[in-house]
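Student: Pasting a predicted model and its sequence here:
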Amino acid sequence: MVDGVQMGYFIAVSKKILEPRREWARKILEEHPKHLHWYKHKCFEDQPNFFRELISSLKQQFNQSEGVHFLQRIDGCEWDETTGKVTGLTRFGYDGEDFIELDLKTLTWIALKPEAVNTKIRWDADRADLRDAQYFLNVVCPTWLKTVWNTARSSLQRKVLPSVSLLQKTPSFPISCHATGFCPGRAVMFWRKGGEEIHEDVYLGEILPNNDETFQMSADLSVLSVTPEDWGRYDCVFQLSGGVDIITNLNESIIRTNWKAPVSVTELSV
């Protein structure tokens, strides 16, 4: 991921698939074969074995003998183009909860759960691995990030406003304010009443990618909280990073739905 945009993905178990998701990502891998070689090694050889061993160890630590469990790893870096500051991150999660994180300042691991203490002790003792992680996050990752940025800058910086619609499945379902086709993938959406942002009876969705390098998101408002006389006081507000706000007033006439009122018995008999 680069600035919220998926660059590529891989599958290492059933099939060995490594595929760029953007044309600029494909171009980078073609022009920098060392990057492609590194990804293939990590994806198909290094990480699968590491994950198998770690998840087996964690199941023992958590006293788990069966069931499906999830191990997640985030490696990344942030580069401030203005100041030149680089911030690296490595964090593991297990079964949806943060487990352990690397502190680059002290070059030690931070146990984010009591069960992670034994893992911290073992990993803190491996100084060679810690130095490798430090070098990757402070040197390799930002170098690659700058390479990607120089190639993908125009694509990542482009701004496209979305089309915004009000959708509703049936009159008793929440009203969904849906925005699609926007870029970049940094935006917020919320509902207002009388000009004031509201949170109660509002359900915010995640920003999701479309197939054309744009994004979509939605914010649902429960109709149970909306009285007929208050309809005109509600607004859906979409804010794109660095762009203008798109404000959509809650108006029954513009709500899109496939629902049709059922035909009554009296109407059928006429």
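Tutor: Looks like it arrived, so ask away.

Student: Name the helix or strand for K146, please.
Tutor: Using DSSP states H and E, K146 falls within helix 141-157.

Student: Any buried residues in that helix, and which?
Tutor: Residues C141, P142, W144, L145, V148, W149, T151, A152, S155, L156 are the ones in helix 141-157 that count as buried (16 or more other CB atoms under 10 Å). Glycine gets a C-beta too; all of them are placed from N, C-alpha and C.

Student: ok, how many other residues are close to L161?
Tutor: Other residues lying near L161 total 15 when counted by other CB atoms under 10 Å.

Student: how near is it to I17?
Tutor: 34 Å (CB to CB, to the nearest Å).

Student: now do R192
Tutor: 44 Å.

Student: show me what contacts G96?
Tutor: F70 (CB atoms under 8 Å, 6 or more residues apart in numbering).

Student: For H69, see how far away it is.
Tutor: For G96, the distance to H69 equals 10 Å [CB to CB].

Student: ok, now F136?
Tutor: Remark: distance between F136 and H69 (CB to CB) = 26 Å.

Student: now do L130
Tutor: 26 Å.

Student: One more: K40?
Tutor: On the measure of CB to CB, K40 and H69 end up 26 Å apart.

Student: So if I had to pick from L130 and H69, which one is more boxed in?
Tutor: L130 (17 against 13).

Student: Remind me which helix or strand the more buried one belongs to.
Tutor: Per DSSP H and E: L130 is located in helix 127-135.

Student: for that helix, which positions count as buried?
Tutor: Within helix 127-135, the residues scored as buried using 16+ other CB under 10 Å are L130, A133.
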